[in-house]
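**Q** Quick one, what's the 3D model for this:
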Amino acid sequence: MGIKNVEDLAQIIDIDRKKEMVKGIGLDKLSSIAKNYLEHNIELRKGVMIEWAKSQFDFNDEVYIDIETTGLSFDSQIWLIGMLFKKSNKLILLFAHESDEEKDILKQYMKQVSNVKGDIVTFSGHHFDKEFIEQKLKKYKLWNNSPKPNFVDVLSVIRDTIEIPVSNNLKDMAAWMGYNFKHPDLAGYMMPGLYREYLISRDQELLTKLQEYNEDDIRSLTHVVSFIRDVLS
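**A** Numbering: from 1, shown residues only. Coordinates of the predicted model:
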């Protein structure tokens, strides 16, 4: 329908001019939703108490993580692990410059998280990053005796606590909250192909674009969390 933010919804309030966009959706309901969100932006889900909602976004010394893979199955390769340590604002991008360097970047990942005492924060709705990383660590027998970090999936937390008038896509959500992406034309499904292109061409501009895309994912996630915290405070 082309509806990605509250402004798009607001335009639909003029039903006479926008009927073709929302045919069969329930015009009165959609109009009501648009007006409501224009005034309130974010609402608690039914039955959720404000203090409990706040506590769900009160992460501990968090590290934000986002991975890039060649596909969605666990047989696919992890070729980039981005990590942002919130307290120090330190960004680390573990990039596989060769197709056989997955184990190497996982070793570096384990070195970085071995001393993490706080939460590892991701965004997928079903712990994609956590499960993918753990499967690979088992494959390469890289588990050590250090305590496993606590993973938090922000999308799952959002679904349990608040309602936001955009899709569950991180890019749509962050853009609605005011985050400016470096490469708004890029999408996650493009990354595997661009990575394969980089392995062949070694184009440095393409490398920068791949790294910036991952950094954007991480920083936009921190933006979403900060925005929600401010609204709930």
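**Q** Backbone dihedrals for the residue nearest to the spatial centre of the chain, please?
**A** What sits nearest the mean C-alpha location of the chain, by CA atoms, centre = their mean, is Phe123, with 3.8 Å. Backbone torsions of Phe123, given as degrees, to the nearest 10, read phi -150, psi 110.
**Q** ok, it touching Val157?
**A** No: contact criterion CB atoms under 8 Å: Phe123 and Val157 do not qualify, at 9.6 Å. Every C-beta, even on glycine, is put in place using the N, C-alpha and C of the backbone.
**Q** burial measure for Ser167, as a count.
**A** 13 (other CB atoms under 10 Å).
**Q** no, scratch that, I was asking about Ile42
**A** 17.
**Q** Ok, the one 5 residues further on next?
**A** Applying other CB under 10 Å, we find 6 residues neighbouring Gly47.
**Q** same question, Pro184
**A** 10.
**Q** And Ala175, by the same measure?
**A** 18.
**Q** Any figure for the gap between it and Met190?
**A** 17 Å (CB to CB, to the nearest Å).
**Q** And Tyr64, by the same measure?
**A** 22 Å.
**Q** So for the two, which sits in the more crowded spot?
**A** Neighbour totals were compared for Tyr64 and Met190, and Tyr64 leads with 25 against 13 (other CB under 10 Å).
**Q** which SS state does the more buried one fall under?
**A** Three-state assignment for Tyr64 (DSSP: H, G, I helix; E, B strand; the rest coil): strand.
**Q** Model confidence at it, what's the number?
**A** Tyr64 is assigned a predicted lDDT (pLDDT) of 97.
**Q** Quick check: it touching Val116?
**A** No: Tyr64 is beyond contact range of Val116, at 11.6 Å (criterion: CB under 8 Å).
**Q** Could I get the average pLDDT for the helix ranked longest in the chain?
**A** Taking DSSP state H as the criterion, the chain has its longest helix at helix 204-232. Averaging pLDDT along helix 204-232 gives 96.
**Q** tell me which strands and helices it is in contact with?
**A** helix 50-56, strand 63-69, strand 78-85, strand 90-95, strand 119-122, helix 154-161, helix 170-176, helix 191-201 (3 or more CB pairs under 8 Å, 6 or more residues apart in numbering; DSSP states H and E).
**Q** list the buried ones in the longest one?
**A** Put plainly, it is helix 191-201. Neighbour-count burial for helix 191-201 flags 191-192, 194-195, 198 (criterion: 16 or more other CB atoms under 10 Å).
**Q** tilt between it and strand 78-85?
**A** Here helix 191-201 runs at an angle of 110 degrees relative to strand 78-85 (axes from the mean of the first three to the mean of the last three CA atoms, to 10 degrees).
**Q** same check, this time on the second one
**A** Calculated by the same axes, to 10 degrees, strand 63-69 forms an angle of 170 degrees with strand 78-85.
**Q** same question, the fourth one
**A** Angle between the axes of strand 90-95 and strand 78-85 is 170 degrees (criterion: the same axes, to 10 degrees).
**Q** Pull out the buried residues from strand 90-95.
**A** 93-95.
**Q** Determine the set of other helices and strands touching the helix or strand following it.
**A** Later in the chain than strand 90-95, the nearest helix or strand by DSSP states H and E is helix 102-113. In this structure, helix 102-113 packs against strand 78-85, strand 90-95, helix 128-139, with contacts taken as 3+ CB pairs under 8 Å, 6+ apart.
**Q** again, 10 Å this time
**A** In terms of contacts (3 or more CB pairs under 10 Å, 6 or more residues apart in numbering; DSSP states H and E), helix 102-113 is packed against strand 63-69, strand 78-85, strand 90-95, helix 128-139.
**Q** The ones you listed: which one's closest to Leu170?
**A** For these, proximity to Leu170 was assessed by CB to CB; strand 63-69 is nearest, at 9.0 Å.
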